[in-house]
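Peer 1: model the structure of this input:
(2 chains)
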Amino acid sequence: MVVELGGADWVLSFVQGAAAALNHELGAAPSLGPISETQEPLTSAGVSVLLSLTGELRGVVIYDMDEKTALTIAGTLAGTRLQEFDELAESAVAELGNVMTGRAGVEVERIGHPFSLSLPSVVRGQGSHLMVPETARRVVPVETPAGKMRILLALEQT
Amino acid sequence: MAKVLVVDDATIMRLRCSRLLTEAGFEVIQAENGAEAVTLYMKERPDLVLMDITMPVMDGIAATQAICQDDPRAKIVMLSAVGQQWMVKAAIAAGARDFILKPFEGEQVLNAVRRHAAPAVR
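Peer 2: Okay, the predicted model is just below:
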């Protein structure tokens, strides 16, 4: 079941902050789809960047995309075309997740919900099950010049 | 030529910063975490350090404290994705001279490096 919802203030601030960082890194504004909530199991499109959050927001944020999109993004960040998903590509998408979450943190702090974030980790494998906490799972589809991605928020306000 | 120590656990960030600084005429050395940065700082005495914060082994705040304890005139500019107020205050308290939030503009980094990296009289 997927239900559209407006989202709490922190959700909107988080997504806007993450999108601003994405815009900066890719040089073009991403197009954000509606924020929805889902109870369905989450599976990876191929490459997923995971970060854990603690503080006034707690849980997991995931940036999920297929390998072609990940490679295009990595190539943009590296300033060169990458042919395979190697250590540099993995580092690039992990860093993208880091800066998107970091910028989201600045926006969310402004409305009173500071949090700390973990080091990013990258999981590969199309169709692999993404284990997230049993909290409200919000999903935001994002279209970028490099391809489609999803922002998955399994976060709760403490 | 000023020597800059780039400290970041992300290969992509070390690559981007090193390219930017090298093309601008700086000598660049690199470390992958805070502990490595402290060791390299003692050995190489760079004119400036560009320091990430969230890193394995030793984070950038602890590394900044360790470097500044050894060399109170050390010039350290934080370059981090984590720009929340409490983190900026912790970095400044540890001894950082400046704080740049990722994602960054190349000019922003170069301006900070040029402003702080003038060779110090030791």
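Peer 1: can you name the residue of chain A nearest chain B?
Peer 2: Nearest residue of chain A to chain B: residue A:102, at 2.9 Å (Cβ to the nearest Cβ). Every residue, glycine included, has its C-beta placed from N, CA and C.
Peer 1: excluding its backbone neighbours, what's nearest that residue?
Peer 2: residue B:81 (2.9 Å; Cβ to Cβ, 6 or more residues apart in numbering or on different chains).
Peer 1: for the one you found, give its distance to residue A:9.
Peer 2: Distance, residue B:81 to residue A:9, using Cβ to Cβ, to the nearest Å: 22 Å.
Peer 1: among the two, which residue is more densely surrounded?
Peer 2: Each of residue B:81 and residue A:9 has its neighbours counted (other Cβ atoms under 10 Å in any protein chain shown); residue B:81 has more, 29 against 13.
Peer 1: tell me the buried residues in the strand ranked longest in chain A?
Peer 2: Criterion DSSP state E: the longest strand present in chain A is strand A:147-157. Going by neighbour count (16 or more other Cβ atoms under 10 Å in any protein chain shown), the buried part of strand A:147-157 is A:147, A:148, A:149, A:150, A:151, A:152, A:153, A:154, A:155, A:157.
Peer 1: the last one contacts residue A:13, correct?
Peer 2: This points to residue A:157. No. Judged on Cβ atoms under 8 Å, residue A:157 makes no contact with residue A:13 at a distance of 12.0 Å.
Peer 1: and residue A:60, what element?
Peer 2: Using DSSP states H and E, the secondary-structure element containing residue A:60 is strand A:57-65.
Peer 1: contacting residues for whichever residue of chain B sits closest to chain A?
Peer 2: Nearest residue of chain B to chain A, counting by Cβ to the nearest Cβ: residue B:81, 2.9 Å away. By Cβ atoms under 8 Å, 6 or more residues apart in numbering or on different chains, residue B:81 lies in contact with A:95, A:98, A:99, A:101, A:102, A:103, B:54, B:101, B:102, B:103.
Peer 1: which stretches of chain B form helices?
Peer 2: B:11-23, B:34-44, B:60-70, B:85-94, B:106-116 (DSSP state H).
Peer 1: now mean pLDDT, mean neighbour count and distance to chain A too, for these, in TSV please.
Peer 2: Shown next, in TSV, are the helices of chain B (pLDDT from 0 to 100; neighbours: other Cβ atoms under 10 Å in any protein chain shown; distance: least, Cβ to the nearest Cβ, whole Å):
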stretch	mean pLDDT	mean neighbour count	distance to chain A
helix B:11-23	97	19	4
helix B:34-44	98	18	13
helix B:60-70	98	21	12
helix B:85-94	94	17	6
helix B:106-116	96	16	11
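Peer 1: including distance to residue A:69, could these go into CSV?
Peer 2: Formatted as CSV, these follow (distance: least, Cβ to Cβ, whole Å):
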stretch, distance to residue A:69
helix B:11-23, 16
helix B:34-44, 32
helix B:60-70, 30
helix B:85-94, 30
helix B:106-116, 25
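Peer 1: one step back: what comes into contact with the longest strand of chain A?
Peer 2: Counting by Cβ under 8 Å, 6+ apart, A:8, A:10-11, A:14-15, A:18, A:42, A:45, A:53, A:56-66, A:68-69, A:72-73, A:100, A:113, A:130, A:132-133, A:135-142 sit against strand A:147-157.
Peer 1: and the residues you listed, which are buried?
Peer 2: Among those, the ones that count as buried by 16+ other Cβ under 10 Å are A:8, A:10-11, A:14-15, A:18, A:42, A:45, A:53, A:56-66, A:69, A:72-73, A:100, A:113, A:130, A:132, A:136-140, A:142.
Peer 1: if anything else comes up later, I'll come back, but that's it for now.
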